[in-house]
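Peer 1: Fold the following, please.
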Amino acid sequence: MSRKFSKNIETFIGCDSEYESAQAAVFGAPFDSTTSFRPGARFASRAMRADSWGLETYSPFQDKDLADSRIFDCGDLELPFGGPEAALAQVENISARILADKKIPLMLGGEHLLTLGAVRAAVKQYPDLRIVHFDAHADLRDEYLGVKLSHACVLRRCWDLVGDDKIFQFGIRSGDKSEFVWGREHVFTNKFNFNGLKENLKFLELNKSPVYFTLDLDVLDPSVFPGTGTPEPGGVSFMELLEAAIHVCGLNIIGCDINELSPHYDQSGASTAAACKILREMLIALTQKL
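Peer 2: Presented below is the predicted three-dimensional model:
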């Protein structure tokens, strides 16, 4: 008697719904060609999917279960090495398709520059888009080493699209002086932590403004999260990030990403575990709003 085998498809835990019925769609973007210090973020999405099976789908933090959400895992994009424009175009295309289908795209980076591709898609459908940005780095340089498309410039390129007073940064503790000087006139920046996050974002909640949420995991202190390309001491704790991310995901989030995990810089696996748990909580908060 012959047996029928099923395809071996690895998804992030709990993200195995059919696309047609899904509320959100996860996709991996394995690219780190503009990383300025330690590369390796291209390996994050695969590592997170593999390690997610060490998690439960139930969240004791929110008393909700990821199994009650409808999430589709698209797998990884096949992104070219070298110049970033082709990679950004692929990210924009898949984000635009997911948005057009009235679902929330959630990208697993990859380096932070890839956020630009997703924001390009989002702002076309939501011209009044706001961006909430968690990061150790301002990422507001106009250019880095003569190049305007770099992970060090990604929020400046996003500003090119959305304009003044629509980018809200938290946890920032590193950057060139010129970034902070320029930023004071054009974006909201809360340095070092998440103090005042709820108060500063209250009007976004009241107005139901469309929000893109980009989370660079190096906002965490490297004593908690060493597995990243540009670690910056003085960051937030895991629980501080967890609470802040859950709150932001309660806004009118139309797209989001989680990026800059470089798993091989933390052989203990603790950084990947932290990234997986943050992602689980974000997915629940995005799809099971009160």
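Peer 1: contacts, neighbours, all on C-alpha from now
Peer 2: Noted.
Peer 1: ok, and what's touching whichever helix in the chain runs longest?
Peer 2: Longest helix of the chain, by residue count under DSSP state H: helix 270-287. Helix 270-287 has contacts (CA atoms under 8 Å, 6 or more residues apart in numbering) with 23-24, 44, 47-48, 51-52, 55, 57, 59, 62, 64-66, 69-70, 217, 224-227, 238, 242, 245-246, 249-250, 253, 258, 261, 263.
Peer 1: Can you turn the buried subset of the residues you listed into a selection I can paste into PyMOL?
Peer 2: In PyMOL syntax, the buried subset of the contacts of helix 270-287 is picked out as below (16 or more other CA atoms under 10 Å):
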select buried, resi 23+24+44+47+48+51+52+57+64+65+66+69+70+217+225+226+227+238+242+245+246+249+250+253+258+261+263
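Peer 1: So which of the contacts of helix 270-287 are in helices?
Peer 2: Using DSSP H, the contacts of helix 270-287 in helices are Ala44, Ala47, Met48, Asp51, Ser52, Phe238, Leu242, Ala245, Ile246, Cys249.
Peer 1: Please identify which of those residues is nearest to Phe194.
Peer 2: Ala245 (10.1 Å; CA to CA).
Peer 1: Could you list the low-pLDDT ranges of the stretch 51-200 of the chain?
Peer 2: Under the criterion pLDDT under 70, no range of the stretch 51-200 of the chain is flagged.
Peer 1: That one: helices as residue ranges?
Peer 2: 85-100, 115-125, 154-162, 177-186, 197-200 (DSSP state H, counting those that start in this stretch).
Peer 1: JSON lines for those helices, including distance to Phe168 and mean neighbour count?
Peer 2: Listed next are these as JSON lines, based on distance: least, CA to CA, whole Å; neighbours: other CA atoms under 10 Å:
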{"stretch": "helix 85-100", "distance to Phe168": "22", "mean neighbour count": "19"}
{"stretch": "helix 115-125", "distance to Phe168": "14", "mean neighbour count": "23"}
{"stretch": "helix 154-162", "distance to Phe168": "10", "mean neighbour count": "21"}
{"stretch": "helix 177-186", "distance to Phe168": "10", "mean neighbour count": "14"}
{"stretch": "helix 197-200", "distance to Phe168": "9", "mean neighbour count": "12"}
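Peer 1: I'd like those written out as a markdown table, with distance to Tyr212 added.
Peer 2: Shown next, in a markdown table, are those (distance: least, CA to CA, whole Å):
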| stretch | distance to Tyr212 |
| --- | --- |
| helix 85-100 | 12 |
| helix 115-125 | 7 |
| helix 154-162 | 11 |
| helix 177-186 | 17 |
| helix 197-200 | 16 |
